[in-house]
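Trainee: predicted structure and sequence below. I'll ask about it afterward.
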Amino acid sequence: MRSTILLITALLGTGLAVGCTATDSMSGVELSPSASAAAQIKRADAEVKEAVQAIQAYAFGQKADFVTRMKKEIAKLQQTVEELAVKVDKSSAAATKADAQARVAELREQVAEAKKQLDLAEKADEATWEQAKMAFKTSYAQLGESVNKTLQWVTDKIEA
């Protein structure tokens with residue numbers, strides 16, 4: 001279980017960091033792509049680890065806080081999916097574009113499933129809370145892993 005969480009964290013960080021540039025917030029100087037990627041990977045790793053730990057730590061009495069936080073986490077992943085969709089739509093390679101569109105459609109289905117699981121967790125009573133929370137955790141982890149794999153695939157196939 002722990003290795004799965006670490007794998008998801010690494011994949012999310014790698015996917016978010018690919019192809020980005022950044023500037024030093026203090027000097028405004030553009031960082032090299034490798035420095036920018038490393039900083040983004042580190043930040044993404046921390047965010048994913050924190051989210052996964054938070055899922056485990058929430059007790060039934062904290063359900064409202066849990067739901068609010070996880071809605072924000074799903075929104076971040078959904079935004080990434082929509083950014084991928086824009087990149088795919090701008091692609092000129094017809095065969096690759098069709099495959100990429102199918103992958104984005106699958107991601108959208110996974111976002112919908114994660115939202116569904118979160119809705120069930122929100123409606124859970126004290127007796128069903130742990131089960132609903134773990135079902136959401138599984139759905140969220142699968143979504144994160146799929147987003148990372150698709151980010152990498154799009155980077156390799158479309159942006160290369």
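Mentor: Now that the structure is in, tell me what you want to look at.

Trainee: what average pLDDT does the helix or strand containing residue 79 get?
Mentor: Using DSSP states H and E, residue 79 sits in helix 63-90. Taken as a whole, helix 63-90 has an average pLDDT of 91.

Trainee: so after it, what's the next helix or strand?
Mentor: Where DSSP H and E defines the elements, the next helix or strand beyond helix 63-90 is helix 94-123.

Trainee: pLDDT below threshold where in this structure?
Mentor: Applying pLDDT under 70 to the chain picks out residues 1-49, 52-54, 56-57, 159-160.

Trainee: what angle do the helix holding residue 79 and helix 94-123 make?
Mentor: Taking axes from the mean of the first three to the mean of the last three C-alpha atoms, to 10 degrees, one finds helix 63-90 and helix 94-123 inclined to each other by 170 degrees.

Trainee: pull out the buried residues from helix 63-90.
Mentor: 63, 66-67, 69-70, 73-74, 77-78, 80-81, 84-85, 87-88 (16 or more other C-beta atoms under 10 Å). Any C-beta I mention is one placed from the backbone N, CA and C, and that applies to glycine too.

Trainee: how about stretch 97-110?
Mentor: Quick answer for stretch 97-110 (16+ other C-beta under 10 Å): 97, 100, 103-104, 107, 110.
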